[in-house]
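> need a structure here:
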Amino acid sequence: MSAQPVVAHSLSVEGGGASLAGTRCISCRTVYFPQVIACRNPVCEAKAVEPFGIKGSGTLHSFTIQRYRPPPLFEMDPWQPYALGLVDMDHGVRVMGMIDDVALDRIEIGMVLDLATRGIREVDDGPVITHVFVPVAGAGT
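Residues are numbered from 1 along each chain as shown. Next up, the predicted model:
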């Protein structure tokens, strides 16, 4: 049984690393997540996009602590309060995701986070995973 993303076709774990399924404008190189069908940059005239894997690290822009259960799609087992962050990825796109592997009271704006995956529950077909952000190894968190 293989892991399946909570949102189909949004996440890849090929080669051991997490990669979000985004798109990038062929002309102006603007990156989008989730995927779009055309470039939305108002100064770009080309509008054509191509698949683009978003991976690597980014800087925490903002976050909030969620102290209530998430919606059914993101149901976690076991459940506990969690942080949601907005991360400015190195590719120039801001991505929202859970922050993992750090105590809630140790999360700070500006910390560098890596894109990773986390299992949120088990189903008959195997684990359901989502993308998360974890502190960069050795960052002292």
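
> Phi, psi for Pro72 please.
Phi and psi for Pro72, reported as degrees, to the nearest 10, are phi -50, psi -40.

> Confirm that Glu122 sits in a strand.
Yes - assigned with DSSP: H, G, I helix; E, B strand; the rest coil, Glu122 falls within a strand.

> That one bridge partners, please.
Pro127 (DSSP bridges).

> which residues of the chain score low on pLDDT?
1, 138-141 (pLDDT under 70).

> Please, where are all the helices along it?
With helices called from DSSP state H, the chain shows none.

> now the residue lying farthest from the centre of it, nearest residue through space, not along the chain?
Residue distances from the centre of the chain (CA atoms, centre = their mean) peak at Glu45, which lies 28.5 Å from the mean C-alpha position. With sequence-adjacent residues excluded and distances taken as CB to CB, 6 or more residues apart in numbering, Glu45 is closest to Ser27, at 7.4 Å. Heads up, the C-betas are built off the backbone N, CA and C, glycines and all.

> Could you pull up the contacting residues of that neighbour?
Going by CB atoms under 8 Å, 6 or more residues apart in numbering, Ser27 touches 39, 44-48.

> what do you get if the cut-off is 7 Å, keeping everything else the same?
44, 46, 48 (CB atoms under 7 Å, 6 or more residues apart in numbering).

> The second one: neighbouring residues, count only.
Number of residues near Ala46 (other CB atoms under 10 Å) recorded here: 12.

> Fine by me, we can end here.
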